[in-house]
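S.K.: What would the 3D arrangement of this be:
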Amino acid sequence: MDNNKTVSVEVKDFEKFFDDLKVPLALDMNYQRPYVWGEEKVSQLLDDLKYYQDQTGNKPHYYMGNVLLHMDTGRKSIFVIDGQQRITTLATIYHIRHNKLPEKFGFEFNSMISVKNIRNTLNFCKKSGVPDIDFKNIVFTVITVNEEDLAFTFFDTQNTRGVPLAATDLLKAYHLRAIDKKEKRSEIFQTYSARRWESIQNVENGNDFVQGLFTLYLWRARNWKGSQVKVRENHEDILKEFQKNTVEENEVQEIPLYANSSNQWARSIVLTPENSYRINLNPVTLEGNASNLPFAIRQPVHEGIGFFLFAEKYASILMDLKAKPIDPKSERGRFHILVQGVIEKSGLSGYLKNLFWLAVLMYVDQFGDRGLTRFAETLDYSLGALRIEKASIVKETPVKYLRDRDVNLLDIIAGAYRPEEVIDFLFIDEHAKNVYARKDISELIKIGVRERYANAVSAYYGHRLDWSNRHNWKRGNEK
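M.R.: So this is what the prediction gives:
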C-alpha cells in the first residue's frame, strides 16, 4: 500500500490477501473483541462452502464481504479492524486442510472466551468435515486505511449501522482511543485498561460479562429514574450514555471525583504507570480490589481511563457479591445463604433476579455491607409478592414495579443516607402486604413455580407458613 494514500480498496482472494502482507496480520487491542462464533454460524459457513464446492462449470468466486485493515506505520503493523471473526474461522478451516496456519497470520487472543470458542470451532469442523475448497476462490473486499482517526470512523460507522458488534465493543475502542489522543505514555495506560477489560469479560466462562454489566446494571442504574423507566435499553442507548455523554478530560490519567456517600474527601483519582491508584488531595494508594474506588454509580463518567476504572469498580462489586464468602457467619456469608437458598434456585424468575441484583449493587455502592442481609430480605419480601401473585413474570414486570410506585426504589437507594430508609420503604409496600394477606394465598403458592419459590422462602425462615404475618418473619436468632 502507498503510505501517502489514505484509503485503498482491493478485491483479494484468501491466499493473495496473506501473500501480499509485508508484516503479520495482527489484532489491535483497541478493536479486539473475543472470538464468539458458535456452532450455528460455523455450520452455516461449512454448508455454504460445501454447496459452493459442489457447483460445476464456470462459477463465480465465493464472496465473504469487507475486511477493514489499519496500516499503523508508527508500530509497523497491520491490524484487523473488522473481519476478525471470519478470518479466524477461515484460518481454522485452512489449518485443518493444510496442517498449518496461513503465512503471516499473527492473531493473539488474550480472552479465555476466544480460546474456548476457537477450540470448539476446531473440534466442530473436524467432526463435521471441511470441504476440499481452493482458498483462491474465497474473496474479500479489502479496505486498508493508514490514519487511526479514519480507522475508528470506519469501525464505528460499519458496526453501528450493521450492528455485528455489541455496544460494549465499540465503547472499548472509543475509550482506548481517547487515552491515545491525549497521553504521551498512552501505550502503558491503554495496555492496562485493555487487560482489565478482558479480565472482566472472562469472569463468566464462555460468556461476555461486560455486556451484562452495562445492559443489566450500569445503564439501568443511571437511567431507571422516577417514572422514566424503559422496558429495555437498546444499542444506541448504551452508546449515548457511555460514549456521547462522557466528560472529556485534558489530563487523561487523572479522573475527577464527586462528593457522595462513598467519597467526602477526595478530589481526583490518578492511575500511576505502575497500575496503582493515587487519590488527591490527600494522597492514598489503593492496592488490589477496584471495588474500593470512590466512584458513585450515577456520577458523570469521564472518557478514557475514567470509563475503564468506573466499569472495573462495578464489575468487582458484582463479582465479590456473587462469590462464596470465606466466613459464613459474616454479613456477606448471611447474604450468600439468602441468595443461594431463595433468590437463585427458587423460581423467582430471571427478570426479578436481574432487578434484585441491580438494587443490591446500588445499595452496596451507597452503604457497603451495612445491613446488606436485612436489605436483601426486605427486597425479597417486596419482589416475592410479585412472584406469588403472578402466573408469569414478563420483561415489563420490573419496569412497572419501579415506575408505578409513588417513588422509584432505585431513587430511594441513591438518595438515602441510612440503610433503614431503604428497608422501611420496602416494608411499607402496600401491594406486597395485600398479596400476603390474601385469603387464597395457600392455594396460590401451590401453583407451578410459585410453590417452589414459596417453599424456599418458608424453609429459609424456619418453615413458617403464616403468610399474612410475612412482614414479621425473622431468620434464626434475629430480633
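S.K.: if I look at the nearest residue to residue 454 once chain neighbours are set aside, how far off is residue 426?
M.R.: Among residues not flanking residue 454 along the chain, residue 445 sits closest, at 3.7 Å (CB to CB, 6 or more residues apart in numbering). C-betas here are computed from N, CA, C, even on glycine. To residue 426, residue 445 is 21 Å away according to CB to CB, to the nearest Å.
S.K.: again with residue 167
M.R.: Counting by CB to CB, the gap from residue 167 to residue 426 is 32 Å.
S.K.: repeat for residue 191
M.R.: Applying CB to CB, the value for residue 191 to residue 426 is 44 Å.
S.K.: of those two, who's got more company?
M.R.: Between residue 191 and residue 426, residue 426 has the larger neighbour count (other CB atoms under 10 Å), namely 21 against 14.
S.K.: Quick check, the more buried one in contact with residue 378.
M.R.: Yes. At 4.1 Å, residue 426 counts as touching residue 378 under the criterion of CB atoms under 8 Å.
S.K.: ok, and what's touching stretch 212-220?
M.R.: For stretch 212-220, the external contacting residues (CB atoms under 8 Å, 6 or more residues apart in numbering) are 167-168, 171, 200, 233, 237-238, 241-242, 297, 311, 314-315, 318, 354, 357-358, 361, 410.
S.K.: start to end distance for it?
M.R.: This stretch, stretch 212-220, spans 11 Å end to end (CA to CA, to the nearest Å).
S.K.: could you give the mean pLDDT of that stretch?
M.R.: Average pLDDT, stretch 212-220: 91.
S.K.: same thing with stretch 145-160?
M.R.: In this model, stretch 145-160 has an average pLDDT of 63.
S.K.: Report the contact partners of residue 403.
M.R.: With contacts defined as CB under 8 Å, 6+ apart, residue 403 is in contact with 227, 229.
S.K.: can you check residue 322 too?
M.R.: Listed by CB under 8 Å, 6+ apart, the contact set of residue 322 reads residue 339.
S.K.: Against residue 405, how distant is it?
M.R.: 27 Å.
S.K.: burial count for residue 440?
M.R.: Residues near residue 440, counting by other CB under 10 Å: 7.
S.K.: what about the residue most central in space within the chain, helix or strand, and which?
M.R.: Nearest residue to the geometric centre of the chain (CA atoms, centre = their mean): residue 210, 1.8 Å. Using DSSP states H and E, the element containing residue 210 is helix 209-212.
S.K.: quick one: buried residues of that helix?
M.R.: The neighbour-count check on helix 209-212 (16 or more other CB atoms under 10 Å) flags 209, 210, 212 as buried.
S.K.: again, but for stretch 95-103
M.R.: Quick answer for stretch 95-103 (16+ other CB under 10 Å): 95, 102.
S.K.: hmm, who's touching that stretch?
M.R.: So stretch 95-103 is in contact with 14, 15, 18, 19, 91, 94, 122, 125, 126, 130, 132, 133, going by CB under 8 Å, 6+ apart.
S.K.: Max pairwise distance over the residues you listed: which two?
M.R.: Maximum pairwise distance among these (CB to CB): 26.4 Å, between 19 and 126.
S.K.: Tell me the helices and strands packed up against the strand ranked longest in the chain.
M.R.: Criterion DSSP state E: the longest strand present in the chain is strand 62-72. Contact here means 3 or more CB pairs under 8 Å, 6 or more residues apart in numbering; DSSP states H and E; on that basis strand 62-72 packs against helix 39-54, strand 77-82, helix 84-98, strand 138-145, helix 148-162.
S.K.: Residue 450 is nearest to which of those?
M.R.: Nearest of the helices and strands packed on strand 62-72 to residue 450, taken as CB to CB: helix 39-54 at 34.7 Å.
S.K.: what is the mean pLDDT for the helix or strand harbouring residue 308?
M.R.: According to DSSP H and E, residue 308 maps onto helix 305-322. If you average the pLDDT over helix 305-322, you get 92.
S.K.: can you pull the buried residues of it?
M.R.: Buried residues in helix 305-322, counted by 16+ other CB under 10 Å: 305-319, 321.
S.K.: Angles on the backbone of the residue of the chain positioned farthest from its centre, please.
M.R.: Distance to the chain centre peaks in the chain at residue 57, reaching 48.2 Å (criterion: CA atoms, centre = their mean). Main-chain torsions, residue 57, degrees, to the nearest 10: phi 80, psi -160.
S.K.: And the lowest mean pLDDT element among the helices and strands of the protein?
M.R.: Ranked by mean pLDDT, DSSP states H and E, the weakest helix or strand in the chain is strand 285-286, scoring a mean of 51.
S.K.: In contact with residue 9, which residues?
M.R.: 141, 142, 143, 144.
S.K.: that older thread, pick out whichever of the buried residues of helix 305-322 sits closest to residue 256.
M.R.: For these, the nearest to residue 256 is residue 306 (7.9 Å; CB to CB).
S.K.: can you count the residues close to the closest residue to that closest one other than its chain neighbours?
M.R.: Leaving aside its sequence neighbours, residue 306 sits nearest to residue 255 (CB to CB, 6+ apart; 3.8 Å). When neighbours are counted by other CB under 10 Å, residue 255 registers 25.
S.K.: Could you give the backbone dihedrals for residue 255?
M.R.: phi -110, psi 120.
S.K.: Tell me if I'm right that it and residue 269 touch.
M.R.: Yes. Counting by CB under 8 Å, residue 269 is a contact partner of residue 255 at 5.1 Å.
S.K.: Find residues that contact each of those two.
M.R.: residue 309.
S.K.: got CSV for the helices and strands packed on strand 62-72, with distance to residue 115 too?
M.R.: Listed next are the helices and strands packed on strand 62-72 as CSV, based on distance: least, CB to CB, whole Å:
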stretch, distance to residue 115
helix 39-54, 16
strand 77-82, 18
helix 84-98, 12
strand 138-145, 25
helix 148-162, 24
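S.K.: Good, wrapping up.
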